[in-house]
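1. here is the input, now give the coordinates:
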Amino acid sequence: MTPTQPFLFPQTQSTVLPDPSTFFAPELLSLPLPTNSFFENLVLKNGDQAQYIHPYLINSSLSSLTICHPSKLFSIAFIYQVFNADLTISVLNNPNPNVNHVISAFDDLSVTLDLPSSNLRFYLVRGSPFLTCNVLSNVLLSITTIHGILEFHANTAQTKYTIKLDNGQTWLLYADKMINLTHDRSSITCANAFSGIIRLTILPDSGENAEAVLDRFSSCYPVSGTATFTKPFSLEYKWDTRGGGDLLMLAHPLHRKLLYRSDGSLTVMEDIKYKSIDGDLVGVVGNSWVLKSDPVSVTWHSIKGVEKEAYPEIIDALVKDVAALDAKAISTTSSYFYGKLVARAARFALIAQEVSYLEAIPAIKKFLKEAIEPWLDGTFSANGFLYDAKWGGLVTKQGSTDTAADFGFGIYNDHHFHIGYFIYGIAVLAKIDPSWGTKYKTQAYSLMADYMNLSQLPDAKYTRVRNFDFWKLHSWAGGLTEFADGRNQESTSEAINAYYSAALMGFAYGDSHLASIASTISAFEIRSAQTWWHVREEDTLYAEDFTRENRVVGVLWSNKRDSGLWFAPPDSRETRLGIQLLPLLPISEMVFSDIKYVKELVQWTLPSLAREGVGEGWKGFVYALEGIYDKNGALDKIKTLQGHDDGNSLTNLLWWIHSRDDEAEASDKAYKFCWFRHYSNQ
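-> Numbers count the residues shown, from 1 in each chain. Predicted coordinates:
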């Protein structure tokens, strides 16, 4: 995926980044480190914020680890999971209880957390119904709870204990050898020193066979997990396991939709079902899974094509928009807003090709070169991309000294959003000017690798797929900022744009591997948006009150669903719709392929446009979606707009409307027009 001679942006010493040596093991510090991983809270500030690992919230503090099976609170505006200290694991007579925990290993699906002064190692593998603790040497274990212990009993071998609490929970503790535990009202202690494996799980109320199933699979435990893109639109999980028997893991709702079981090697255990903010987590037996998504169409131009009768109208708008392009007049120095202007202009080039108005291309090419090159060769004096060796990634010149600059890009916030816009512009420019593409290929690949690197080699300069979460199957945006509710992402459409743009760059450079991987991640990101951000009237995934009042999530957190945005309150419905649609691209059709849902979303949003002060740019995105099912009505509204989002234009809106079907219908166009089908003759 990378050229033979990799380019590295000039190195900087950031003054605002946290020190990774506080929590990462010394042998990991020479590697690029994750900056948006599911476990990021464990390595920020004091490392003591709760972390969601499905199905448990865990908290590591003062040489102890607390596990919680959370309950949910909800209203019409939000849903979040409540942390309670259900069980806290530590040791008695700890000589140094204030020593920090240490991250000794991490991978795509897990993190290994050590409590050095306690001689405890936790394999935090996402989706495991068991919390697994390796007691590394003989210690006196202690397990405390904020609840009262109502019942406590062991099997005859003293390798399984049942713990019933006064909050209604029943926990099961399994050990790989005899362990002699005693208890009082709120604590459990070892009568004798113990070393070995213990596993804790809450007994779900999902069926009378649940305990028998957990007993059966209590011996086999995962210590790590990898995710591999084996084929286009396919992802394979593999867990490294210890102990005997088969591995039991949990699948979230999107996993269930995508699980591929052609050889019958996977068994779904309906008797094991854990509640989660992401939907029910259901048991699946097997130490490897294959997830297969429907292909999505990654194309330069619209899927259906633009009506020829509309060419003159689009060309008229295009001529005016292109005439206004002036790279020297760009006033913003923000990597985000600058990138949007680059991508906006790149859209003009592709639209010009589609409506056969190639006369516009030279002016667009000139603008793109003048706008992009200073960011690639370091001559944009007000800002620029620099390399941070401490964490292993790009920061901006402004962001290297100011955490608020560039929306936190300097602390690794929103990298896929910002860079994705630049990559879109670079891909288009490389397409229309291959010699320019060749000249700047190494810089382009280095920029893209900041969020698209797949290498796990020791000499890699960037962390592995910085923003994409292999287990949740969507990206996170929050960077190196500690949040009580964990990771977050607001704009799914800008995440999709990042991977879509990388796929286009693969096309421009003839790199089928990059095109394949980026298209695959785009497909998973789309399915995630449709699963967790898009809220349909008939959905039962979320609480009834929240579903009734919301057609789209604002900010989605690891541990929360919020109807508000970072920059707008919940009643600003048009901004919620817009931030899940921009930038308007050919692939947007795939994201909003459910016509019934599109109608629900638009009709839910339209009354908000009557509020005073609603921006014209946000109206444009509402009308764009309305055009999916009411082309003429939406076109009339678009023609009344007095302005557009800074990444959008009248040209782009007209292109979108005139490439819609006259009679909207749900179809399999994503499959019919998928590049992979053409390449594989399927």
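2. what's the longest helix along the chain packed up against?
-> Using DSSP state H to define each element, the chain has its longest helix at helix 335-354. Using 3 or more Cβ pairs under 8 Å, 6 or more residues apart in numbering; DSSP states H and E as the contact criterion, the neighbours of helix 335-354 among helices and strands are helix 311-323, helix 361-377, helix 415-432, helix 650-657. (Each C-beta comes from the backbone N, C-alpha and C, glycine too.)
3. look up which residues are beta-bridged to the most centrally placed residue in the chain.
-> Ranked by distance to the mean C-alpha position of the chain (Cα atoms, centre = their mean), the top residue is residue 475 at 1.5 Å. According to DSSP bridges, the partner residues bridging residue 475 are residue 468.
4. circling back to that earlier point, would TSV of the helices and strands packed on helix 335-354 with mean neighbour count, distance to residue 625 and mean pLDDT be doable?
-> TSV is the format used below for the helices and strands packed on helix 335-354 (neighbours: other Cβ atoms under 10 Å; distance: least, Cβ to Cβ, whole Å; pLDDT from 0 to 100):
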stretch	mean neighbour count	distance to residue 625	mean pLDDT
helix 311-323	18	19	98
helix 361-377	19	27	98
helix 415-432	26	21	98
helix 650-657	25	10	98
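5. sorry, back to before: CA atoms of the longest helix of the chain as CSV?
-> Written as CSV, here are the backbone C-alpha positions of helix 335-354 (Å, rounded to 0.1, in the frame of the first residue of the first chain):
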residue,chain,number,x,y,z
SER,A,335,-6.7,22.1,8.1
TYR,A,336,-10.3,21.2,8.3
PHE,A,337,-11.9,24.1,6.5
TYR,A,338,-9.0,24.3,4.0
GLY,A,339,-9.4,20.6,3.2
LYS,A,340,-13.1,21.1,2.6
LEU,A,341,-12.4,23.9,0.0
VAL,A,342,-9.9,21.6,-1.7
ALA,A,343,-12.5,18.8,-1.9
ARG,A,344,-15.2,21.2,-3.0
ALA,A,345,-13.1,22.3,-6.0
ALA,A,346,-12.2,18.6,-6.8
ARG,A,347,-15.9,17.9,-7.1
PHE,A,348,-16.1,20.5,-9.9
ALA,A,349,-13.6,18.5,-12.0
LEU,A,350,-15.5,15.3,-11.7
ILE,A,351,-18.8,17.0,-12.4
ALA,A,352,-17.2,18.7,-15.4
GLN,A,353,-16.2,15.3,-16.8
GLU,A,354,-19.7,13.9,-16.2
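6. follow-up on the earlier one: make JSON lines out of the helices and strands packed on helix 335-354 and add distance to residue 237.
-> Shown next, in JSON lines, are those (distance: least, Cβ to Cβ, whole Å):
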{"stretch": "helix 311-323", "distance to residue 237": "45"}
{"stretch": "helix 361-377", "distance to residue 237": "37"}
{"stretch": "helix 415-432", "distance to residue 237": "22"}
{"stretch": "helix 650-657", "distance to residue 237": "37"}
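7. and of these, who's closest to residue 64?
-> Ranking the helices and strands packed on helix 335-354 by their distance to residue 64 (criterion: Cβ to Cβ) puts helix 415-432 first, at 33.8 Å.
8. could you check the angle helix 335-354 makes with that closest one?
-> Inter-element angle recorded for helix 415-432 and helix 335-354: 30 degrees (by axes from the mean of the first three to the mean of the last three Cα atoms, to 10 degrees).
9. any idea which helix or strand comes after helix 415-432?
-> Scanning forward in sequence from helix 415-432, with DSSP states H and E defining helices and strands, the next element found is helix 434-439.
10. pull out the buried residues from that following helix.
-> Taking 16 or more other Cβ atoms under 10 Å as the basis for neighbour counts, the residues of helix 434-439 that come out buried are 436-437.
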